[in-house]
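Student: Quick one, what's the 3D model for this:
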Amino acid sequence: MNTTSTQSRSKRGLFNFIGSISRSLFGTATVKDVQKLARHVNILINRNNKFAKAMTEHDQLLSSFMSKTDERFQNIVLGVQQNHDIMVNLTSETSKFVAHFEEVSVKLSNLLIDQMNLSSSVNKYLEELKIGIHEMVKGNLSPFLISPNILKNTLKHVQLILNEKFKGFYLLNTDPAYYYSSSQLLYARNHSTLYVTLKFPISTFSSPLALYRVNSFPVPINSSSNHGTKIMDLPEYFVVTSNNQYYNHISYSRISSCTGKTTLYCSYSLPLVSTVSKTCISSLYFNSKQDVHEQCDFRFLMNVIKPTVEEIYDNTLLVYKMNTLAFECPNKHKIVKGCNFCFIQIPCMCSLSTDSLYIPKKIEKCTNYKDTVTILHPINLALIQHFFDSDTYSSILGDTTFTKQINIQIPSINIFNHSFSNIIAQDHNLHLSLKRIAQATLKQKTVFKSLSEPLINGDISMDDSWLDLNTILIISSLCVSGILVIACIVLFNKIRILTATLLLLQKIPRSQSLSIPSPLPSFIYKHLATTTESSHVQSIFNTQCNPWPFVALSFTMTLALVIVSIYFFKKFNNRNHTKVVLEITNGLSCITIPIVTLSLCPSDWDITAPNCIQNMRISGTFCTRLHADFDNFSIVNINTKHEVPIPEDISVNPYTASRLKKMFGTPFFCHVLITHHNYFTRIK
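Tutor: Alright, predicted model coming up:
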């Protein structure tokens, strides 16, 4: 609204004046102020109208923009949807490609791994073949060349051939490790083929022979003397079969040619001796004290016992003349009194100190894990057998030991000694025969070490002439008498042969050779008259022979034939019966003694074998009997429940009794057998 006046000056009214004064005093609005306000309001209204118009235009423009924008966004959504579909397809194709690529990669990897494994296998095979050939050139069989499975199959095939075609022969070693370590082989190549031959140990024994190294140590004769006894002629090594039937000795040089570690295999054949043939080493092995006394040559050694310690086997020491023994163990220390001759079993991880020796601790091959020290005292059985009766040492064997030292008192042994031994250059110790020393001692004689000592002692006198005329005549007469006796025996045997020849000729009819004539002969029997003239042979027979010796001889032969027939008839009948017998053996011989004869078959009897058999002894001289105590031994009939009594003593013949007495002096073993139709079986 325009309120501007065209007049330059207006009239001022009363109210205007009053309004001006009121505005000045009280600040009230005047018309001018209201006009200014109206003008300002009009300006604002114009601006609002313009703004509304602009807003209307802008709204129209914005509506058009939004529609365009919406259209564009629809296009964008469509493009995004298309891109999404394309991405989905691309992702699907990519995943298929990746899966196919992974599958192809896995296949290629497997093929590559297979090729690498095959290549490594071929390389390994070539390396093993190279190593096997190098070992074969060195003389050793390699498992890379012949595998253990192939070697095992070969061993089984060899054993099968032995069982089928070579009965009684056994393959000793079936462990392939032996053939890889100690085999003897030959090899040859033919183009691309390599031939290898092996030696397999074959023997007639199913189990190997036991090999023992023989060590001989001196045994003192008493606790106060330095002299001792010893066997000097023992072999280095001793072999025996597993069944103790054959044995022999062998030297170290022959053992060194054998192969193997724990079991030795020898290519040569060692002759074996039957245990029936007794020698010193076999008697020692079987611990037969009587045979040792008869077969072994014990030597008497002077001043041979000295303070020393010898190792017998693991943790067992042989001590000579030691005053004190100090043992040092992980848990304790112990000092004991020494001994003159004893065995000591030392615990593991213990050392031994003596007056002059020290035995260090031992951890390998230790079997004595006890804390106690065991001291055992052996006895010189060879010396006792020469000075005492057999009843005195009947319970003592060669390996018998005692916890305390046994006091042995024998007669004083007087050995000749002279001052010439100080000037003679020969200074080695001589060993004497224990048997001869014992004989001289029992007769209270002096023992001489050489033939010159009786001359020095004056026991042998030297004559001027060695043989006089009387001695020569006596010796000649004895020789002629011996020759004449031998000639008489030879002539007597010739006369016996001639007499027997004449007797045979007397019984043979004489025959003459006839020439056959040209005409046919005729065979007509005619009775010939006997001549009464006695021939020369008949006269010799009548004069030289007496019928009574022939009658006695015929009677004796007939009686012996009847006795032998009765014996074999009874033996044949008894062999079909059921018997319970006792078998006693010591490894060298075996004796079977019938206990009870049963009437029925073995299946009709319930037999309980004894737990132990004690107090076995022989009584009587001609009517000998075997006494034995059977513990829990019973024979019961299954049908009638009748128990057969067991005899306390069994009748044996004197020959069997003498064999039993000899066997009781050695370690023996006995068990009960049942026999039927000459078939034996052990009662368990």
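Student: what residue ranges in this protein score low on pLDDT?
Tutor: Scanning the chain for pLDDT under 70 picks out the ranges 1-20, 22-23, 25-30, 410-471, 499-555, 570-576.
Student: can I see the domain layout of it?
Tutor: Following automatic domain parsing, one gets these domains for the chain: 35-137, 148-203, 571-682.
Student: Tell me how far the shortest one lies from the chain's centre.
Tutor: Right, the one you point to is domain 148-203. 22 Å (C-alpha atoms, centre = their mean, to the nearest Å).
Student: Residue 291 - how many residues pack around it?
Tutor: Applying other C-beta atoms under 10 Å, we find 20 residues neighbouring residue 291. To be clear about C-beta, it is placed using only N, CA and C from the backbone, and glycine gets the same treatment.
Student: and what of residue 223?
Tutor: Look at residue 223: counted by other C-beta under 10 Å, it has 14 neighbours.
Student: Phi first, then psi, for the nearest residue to it once chain neighbours are set aside.
Tutor: Nearest residue to residue 223, sequence neighbours excluded (C-beta to C-beta, 6 or more residues apart in numbering): residue 340, at 4.4 Å. When read as degrees, to the nearest 10, the backbone of residue 340 gives phi -80, psi -40.
Student: And for the one 3 residues further on?
Tutor: With angles defined as degrees, to the nearest 10, residue 343 shows backbone torsions of phi -100, psi 140.
Student: which residues does it bridge with?
Tutor: Counting by DSSP bridges, residue 343 is bridged to residue 318, residue 376.
Student: Next: the one 10 residues further on.
Tutor: With DSSP bridges as the criterion, residue 353 is bridged to residue 326, residue 358.
Student: Check the gap between it and residue 327 for me.
Tutor: 8 Å (C-beta to C-beta, to the nearest Å).
Student: Now do the shared contacts for these two.
Tutor: The overlap between the contact sets of residue 353 and residue 327 (C-beta atoms under 8 Å, 6 or more residues apart in numbering) is empty.
Student: now residue 640: how far from residue 605?
Tutor: Here residue 640 is placed at a distance of 11 Å from residue 605 (C-beta to C-beta).
Student: Please apply the same query to residue 24.
Tutor: 168 Å.
Student: picking that back up, when residue 640 and residue 605 are compared, which one has more neighbours?
Tutor: Neighbour count, other C-beta under 10 Å: between residue 640 and residue 605, residue 605 has more, with 19 against 8.
Student: you'd agree the more buried one is up against residue 634?
Tutor: No. With contacts counted by C-beta atoms under 8 Å, residue 605 stays clear of residue 634, the gap being 10.1 Å.
Student: thinking again about what came up before, could you dump the domains of the chain into TSV and include distance to residue 245?
Tutor: Formatted as TSV, the domains of the chain follow (distance: least, C-beta to C-beta, whole Å):
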stretch	distance to residue 245
domain 35-137	40
domain 148-203	15
domain 571-682	8
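Student: Among those domains, which comes closest to residue 562?
Tutor: domain 571-682 (14.9 Å; C-beta to C-beta).
Student: Now find how far off-centre the closest one is within its chain.
Tutor: With C-alpha atoms, centre = their mean, you get 34 Å for domain 571-682.
Student: do you know which of the domains of the chain lies nearest residue 280?
Tutor: Closest among those, using C-beta to C-beta: domain 571-682, at 14.7 Å.
Student: for the closest residue to residue 296 other than its chain neighbours, what are its contacts?
Tutor: Residue nearest to residue 296 in three dimensions, not counting chain neighbours: residue 280, with 4.0 Å by C-beta to C-beta, 6+ apart. For residue 280, the contacting residues are 231, 233, 234, 292, 295, 296, 297, by C-beta under 8 Å, 6+ apart.
Student: which residues in the stretch 351-500 of the chain form strands?
Tutor: For the stretch 351-500 of the chain, applying DSSP state E, counting those that start in this stretch gives strands covering 351-353, 358-359, 374-376, 414-415, 431-433, 446-447.
Student: between residue 353 and residue 327, which one's more packed in?
Tutor: Neighbour count, other C-beta under 10 Å: between residue 353 and residue 327, residue 327 has more, with 18 against 15.
Student: Need the three-state assignment for the closest residue to the more buried one other than its chain neighbours.
Tutor: Leaving aside its chain neighbours, residue 327 sits nearest to residue 334 (4.6 Å; criterion: C-beta to C-beta, 6+ apart). Using DSSP: H, G, I helix; E, B strand; the rest coil, the structure places residue 334 in strand.
Student: Could you report the distance from residue 334 to residue 316?
Tutor: 18 Å.
Student: When the two are compared, which one has more neighbours?
Tutor: Just comparing residue 334 and residue 316: by other C-beta under 10 Å the higher neighbour count belongs to residue 316, 16 against 13.
Student: Tell me which residues touch the more buried one, please.
Tutor: Contacts of residue 316 (C-beta under 8 Å, 6+ apart): 343, 344, 345, 346.
Student: could those be laid out in a markdown table, adding distance to residue 246?
Tutor: Below are the contacts of residue 316 laid out as a markdown table (distance: C-beta to C-beta, whole Å):
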| residue | distance to residue 246 |
| --- | --- |
| 343 | 31 |
| 344 | 36 |
| 345 | 33 |
| 346 | 37 |
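Student: Quickly name whichever of those residues is closest to residue 405.
Tutor: Nearest to residue 405 among the contacts of residue 316, with distances taken as C-beta to C-beta, is residue 343, at 11.9 Å.
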